[in-house]
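In: no sequence for this one, just the structure:
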């Protein structure tokens, strides 16, 4: 029995997209970030990251969280890797080498992409945005070299594409960066054209901002 | 045939410690960071991250890098996960659930520990150090809760302990943080008392600073 905690407007978008790709049976509890609520402790507040019921599942009060039997996972990309293996099929690594390559992409996304893409989305300071864009360009150069002449990171769409695409999404509004990396921009568009991404995005857009 | 590229005074310390734990056969090429050399292109310069020979292996010029047959890995923690599985035995995940838990610890180390522990080591600005220590305390609270009453992250020393310990090492000179998290500090001392850590540390100390 798989339960995923976390609303769409959070890093839960990653495993939610993956679940939509696989059609796996699961329960989704759309826990919202407490900091987004005026009074997270109010009796009529929606279940949130400060709710005792959720803290019993994940004491650090962070979303997403996944419960699968006795296993509790709290890192969005580790949840994606786990769910892909549970689902099997083309999304999952096909052998030991591809497993290691997927883990490499997960750690690349977490350390070379997201720390710079997120401030590009969130910062109001153009100097910060440009400094982060310059740092992101290093990771993008690697991605661009890898994707030139390829449709996907591996020989088909896998969990690796999904993880990197979701970490890069935050920066896709930065036009000069995208224009400077056309193979990456095309790949990102291919990822986001998938029906499962579209379903996730529609559900996300239906959530209150 | 396994070849690990990267000197001890780099994130290669992580897979080098792991290789010492396993005694696996491998070739070690102690590639040094180009920025540490006065003239990386000099004919008598040691092999470094700007050397054409190394760039042919890893075009992004980053250490560590691992070559295992056709597979090239460039993220230190992905290299650790891969080598642990290759070695097998008690260091490696024993089943699918432990594999997912190890990946969760790797991503936790990369996102909740290292981004804050490294500036604690490197910054000369006490305000920066204290701000990062406050952020690291969140990750440490989780680690402390998990390690209270436990010797290791799992039921024995595994690749998960090694990865988290190496990411936390940068901050271990911050006494108040360590004193506030005694189970974590004891666990870190247990990790570092292992003969394989000691062997890695001795080799690291023998390298020019």
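Out: Perfect, I can see it now. The structure displayed is predicted, hence computed values, not measured ones.
In: from now on I want contacts and neighbour counts done on CA atoms only, so please keep to that.
Out: OK.
In: what residues sit buried inside stretch A:2-13?
Out: A:3, A:4, A:5, A:6, A:7, A:8, A:9, A:10, A:11, A:12, A:13 (16 or more other CA atoms under 10 Å in any protein chain shown).
In: near chain B at all, that stretch?
Out: No: legend: contact between stretch A:2-13 and chain B by CA under 8 Å from any CA of the partner chain is lacking; minimum distance shown is 13.1 Å.
In: run through who's touching that stretch.
Out: Surrounding stretch A:2-13, the residues in contact under the criterion CA atoms under 8 Å, 6 or more residues apart in numbering or on different chains are A:16, A:25-32, A:63-69, A:76, A:166, A:200, A:203-204, A:207, A:209.
In: can you pull the contacts of residue A:144?
Out: By CA under 8 Å, 6+ apart, the contact set of residue A:144 is A:181, A:182, A:183, A:184.
In: now with 10 Å?
Out: Counting by CA atoms under 10 Å, 6 or more residues apart in numbering or on different chains, residue A:144 touches A:137, A:138, A:150, A:180, A:181, A:182, A:183, A:184, A:185, A:187.
In: any idea how far the residue lying closest to residue A:204 once chain neighbours are set aside lies from residue B:134?
Out: Distance criterion CA to CA, 6 or more residues apart in numbering or on different chains; nearest residue to residue A:204, sequence neighbours excluded, is residue A:8 at 4.9 Å. Residue A:8 is 28 Å from residue B:134, where distance means CA to CA, to the nearest Å.
In: chain A: strands as residue ranges?
Out: For chain A, the strands defined by DSSP state E cover A:2-5, A:27-29, A:65-68, A:71-73.
In: quick one: the helices in chain A, in order.
Out: A:13-22, A:52-57, A:76-87, A:96-108, A:114-122, A:126-147, A:159-169, A:175-180, A:182-192, A:195-206 (DSSP state H).
In: buried ones in the last one?
Out: Going back to what we said before, that points to helix A:195-206. So for helix A:195-206, counting by 16+ other CA under 10 Å, buried means A:196, A:197, A:200, A:201, A:204.
In: mind listing what's buried in the one helix or strand in chain A whose mean pLDDT sits lowest?
Out: Lowest on mean pLDDT, DSSP states H and E among the helices and strands of chain A sits helix A:52-57, with a mean of 94. By 16+ other CA under 10 Å, the buried positions in helix A:52-57 come out as residue A:54.
In: from the chain's centroid, how far away is it?
Out: Mean-position distance between helix A:52-57 and its chain equals 23 Å (CA atoms, centre = their mean, to the nearest Å).
In: what's the closest non-adjacent residue to residue A:27?
Out: Using CA to CA, 6+ apart and skipping residues adjacent in sequence, the residue nearest residue A:27 is residue A:3, 4.7 Å away.
In: retrieve the pLDDT associated with residue A:155.
Out: pLDDT for residue A:155: 97.
In: neighbours around it, how many?
Out: By other CA atoms under 10 Å in any protein chain shown, 9 other residues sit near residue A:155.
In: now residue A:35
Out: 11.
In: do residue A:72 as well
Out: With other CA under 10 Å as criterion, residue A:72 counts 19.
In: how about the buried residues of helix A:195-206 in JSON lines, adding pLDDT and distance to residue B:161?
Out: Formatted as JSON lines, the buried residues of helix A:195-206 follow (pLDDT from 0 to 100; distance: CA to CA, whole Å):
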{"residue": "A:196", "pLDDT": "98", "distance to residue B:161": "36"}
{"residue": "A:197", "pLDDT": "98", "distance to residue B:161": "35"}
{"residue": "A:200", "pLDDT": "98", "distance to residue B:161": "35"}
{"residue": "A:201", "pLDDT": "98", "distance to residue B:161": "37"}
{"residue": "A:204", "pLDDT": "97", "distance to residue B:161": "36"}
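In: of these, which is the nearest to residue B:47?
Out: Among the buried residues of helix A:195-206, residue A:197 lies closest to residue B:47 (CA to CA), at 44.6 Å.
In: report the contact partners of the closest residue to the closest one other than its chain neighbours.
Out: Spatial nearest neighbour of residue A:197, excluding adjacent residues (CA to CA, 6+ apart): residue A:17 at 5.6 Å. Contacts for residue A:17 (CA under 10 Å, 6+ apart) come out as A:8, A:80, A:162-163, A:166, A:194-201.
In: lowest-confidence one in the contacts of residue A:144?
Out: Minimum confidence in these sits at residue A:138, scoring 93.
In: pretty sure it sits against residue A:117.
Out: No: using CA atoms under 10 Å, residue A:138 is not in contact with residue A:117, being 11.9 Å away.
In: who has more neighbours, those two?
Out: Per other CA under 10 Å, whichever of residue A:138 and residue A:117 has more neighbours is residue A:117, with 24 against 14.
In: where's the residue in chain A sticking out farthest from the centre relative to chain B, distance?
Out: Distance from the centre of chain A peaks at residue A:43, with 31.0 Å (CA atoms, centre = their mean). With distances taken as CA to the nearest CA, to the nearest Å, residue A:43 is found 27 Å from chain B.
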